[in-house]
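*Asks:* Fold the following for me, if possible:
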Amino acid sequence: MTSNISLVTTPPPPEVDMGSDSNAPTTVRATVVQASTIFYDTPATLDKAERLLAEAAGSGSELVVFPEAFIGGYPRGSTFGMAVGNRTAKGREEFRKYHSSAIDVPGPEVDRLAAMAGKYKVHLVMGVIERDGYTLYCSVLFFDSQGHYLGKHRKLMPTAMERVVWGFGDGSTIPVFETPVGKIGAVICWENRMPLLRTAMYAKGVEIYCAPTADAREVWQASMTHIALEGGCFVLSANQFCRRKDYPPPPEYVFAGTEEDLTPDSVVCAGGSVIISPLGNVLAGPNYEGEALISADLDLGEIARAKFDFDVVGHYSRPEVLSLSVKDHPTNPVTFASTSTKVEDKTK
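*Replies:* Numbering: from 1, shown residues only. Below you'll find the model as predicted:
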């Protein structure tokens, strides 16, 4: 099947003469995917993800980052029939359908994503809606190029109406994974505005900071540049590009307050996916034109060059004045203290 998604790439960085330095930096080819979910159709979205992954791998990418909620869908514009003190039957049914489009972790969809990563030999970072019983989480899943599932990050703080449909993550799912292409972690959308969460990621040594998002505003670019400079890391931000026709038609799905102004071709999420270097240079993007694969070569030596004069959790920190404590254990609502008591047979 031929893809109509454009490829946007940047030329590789100029070679630097490193002399006899055996620790010369490596270069990693990375791609951020800017594409829409096939809403309420998770199998078809997985098929689309595989086509895009194959295309990115075919252009030499070793790391591919998908947008927030790519599997399961970002319910843009929906109220789920909710007002303070009131819910509607239609809103409850909308949540049921949304819940059925989410995936279990672990589960068969996770197995398929792992197989994709192994098949195309890429490290994969995928935004999903995770179903845990009857609670949904906005999560990011990580896979290595050998087809292994590494773990997940659950969004700590859903934004505004997102809190109606998504649960809150805890400190047990803010990982940074050491991989052959660098230390990879993810922070989702407006979590990136949380300075303490960013600091925790820097302290874990993140080098390739993935920022799947649903924010297409131009001001988002300022946040991404700031994080790259602050953390001395590469920032890879992937957003969906969606038109009204990428969602089910009304009355099945309604964009509250704007539906009457939309045509099938109206853009409801304009993308803006971008790749930024540790020195704040834009390597690829931002793209507001349509669905695209946006790629750049990451010179990992740029991390040390950036941190030469600013290492936020190293020589530029003042722990005797400012410190952060992170509770990185699971916070379960119910715990069971089961004990096995051995009863002695006193007749012997």
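*Asks:* average pLDDT for the helix or strand where residue 297 lies?
*Replies:* Assigned by DSSP states H and E, residue 297 belongs to strand 292-299. Per-residue pLDDT over strand 292-299 has a mean of 97.
*Asks:* Can we start the residue count at 51 from this point?
*Replies:* In the new numbering, first residue 51, that becomes strand 342-349.
*Asks:* Direction included, what does that strand pair against?
*Replies:* strand 56-59 (parallel), strand 77-84 (antiparallel) (DSSP bridges).
*Asks:* For these, which has the smallest mean pLDDT value?
*Replies:* Taking the mean pLDDT of the strands paired with strand 342-349, strand 56-59 comes last: a mean of 56.
*Asks:* Please report how far the residue nearest to residue 124 when sequence neighbours are not counted lies from residue 331.
*Replies:* In space, and not counting its chain neighbours, residue 124 is closest to residue 264: 5.1 Å by CB to CB, 6 or more residues apart in numbering. C-betas here are computed from N, CA, C, even on glycine. Shown here: residue 264 relative to residue 331, a distance of 25 Å by CB to CB, to the nearest Å.
*Asks:* what do you get for residue 128?
*Replies:* Counting by CB to CB, the gap from residue 128 to residue 331 is 37 Å.
*Asks:* what do you get for residue 366?
*Replies:* Taken as CB to CB, the span from residue 366 to residue 331 is 20 Å.
*Asks:* With residue 312 instead?
*Replies:* From residue 312 to residue 331 the distance is 37 Å (CB to CB).
*Asks:* who has more neighbours, the two?
*Replies:* residue 312 (17 against 12; other CB atoms under 10 Å).
*Asks:* beta partners for residue 343?
*Replies:* In beta-bridge terms (that is, DSSP bridges), residue 343 pairs with residue 57, residue 83.
*Asks:* Hmm, residue 112 and residue 350 touching each other?
*Replies:* No: in this structure, residue 350 is not within contact of residue 112 by CB atoms under 8 Å, at 11.6 Å.
*Asks:* list residues touching both of these two?
*Replies:* residue 78 (CB atoms under 8 Å, 6 or more residues apart in numbering).
*Asks:* Helix, strand or coil: sort out the closest residue to residue 319 other than its chain neighbours for me.
*Replies:* Excluding the flanking residues, the one nearest residue 319 by CB to CB, 6+ apart is residue 292, at 4.2 Å. Using DSSP: H, G, I helix; E, B strand; the rest coil, the structure places residue 292 in strand.
*Asks:* Now do residue 292, the pLDDT please.
*Replies:* If you check residue 292, the pLDDT there is 96.
*Asks:* hang on, it packs against residue 126?
*Replies:* Yes: the criterion here is CB under 8 Å, and residue 292 meets it with residue 126 at 7.0 Å.
*Asks:* State the next helix or strand along the chain beyond the top helix by length along the chain.
*Replies:* In the chain, with assignment by DSSP state H, the single longest helix is helix 92-108. Using DSSP H and E, the next helix or strand after helix 92-108 towards the C-terminus is strand 113-115.
*Asks:* Going along the chain, name the helices of the protein.
*Replies:* 92-108, 139-151, 158-170, 212-215, 245-253, 269-281, 351-357.
*Asks:* would you list those in TSV and tack on distance to residue 378?
*Replies:* Formatted as TSV, the helices of the chain follow (distance: least, CB to CB, whole Å):
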stretch	distance to residue 378
helix 92-108	30
helix 139-151	28
helix 158-170	22
helix 212-215	23
helix 245-253	8
helix 269-281	19
helix 351-357	24
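*Asks:* quick one, which of the ones you listed is nearest to residue 77?
*Replies:* helix 351-357 (8.7 Å; CB to CB).
*Asks:* and the residue sitting nearest the centre point of the chain, what pLDDT?
*Replies:* Note on the chain: the residue nearest the mean C-alpha position is residue 262, at 3.7 Å, using CA atoms, centre = their mean. Per-residue confidence at residue 262 stands at 98 (pLDDT).
*Asks:* now it: how far from residue 236?
*Replies:* 6 Å.
*Asks:* same question, residue 338
*Replies:* In terms of CB to CB, residue 338 sits 23 Å off from residue 236.
*Asks:* same deal with residue 324?
*Replies:* 15 Å.
*Asks:* out of these two, which sits in the more crowded spot?
*Replies:* The neighbour comparison of residue 324 against residue 236 (other CB under 10 Å) goes to residue 236, with 30 against 27.
*Asks:* doesn't residue 263 make contact with that one?
*Replies:* No: judged on CB under 8 Å, residue 236 makes no contact with residue 263 at a distance of 10.6 Å.
*Asks:* mind showing which ranges of the stretch 251-398 of the chain have poor pLDDT?
*Replies:* 389-398 (pLDDT under 70).
*Asks:* mind running it again at 50?
*Replies:* Counting by pLDDT under 50, the ranges of the stretch 251-398 of the chain that qualify are 397-398.
*Asks:* which residue ranges form the strands in it?
*Replies:* Along the stretch 251-398 of the chain, the segments classed as strands by DSSP state E, counting those that start in this stretch run 258-260, 284-287, 291-293, 317-320, 323-326, 332-337, 342-349.
*Asks:* okay, these in CSV with distance to residue 251 next?
*Replies:* Putting these into CSV (distance: least, CB to CB, whole Å) gives the following:
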stretch, distance to residue 251
strand 258-260, 7
strand 284-287, 11
strand 291-293, 26
strand 317-320, 25
strand 323-326, 15
strand 332-337, 20
strand 342-349, 17
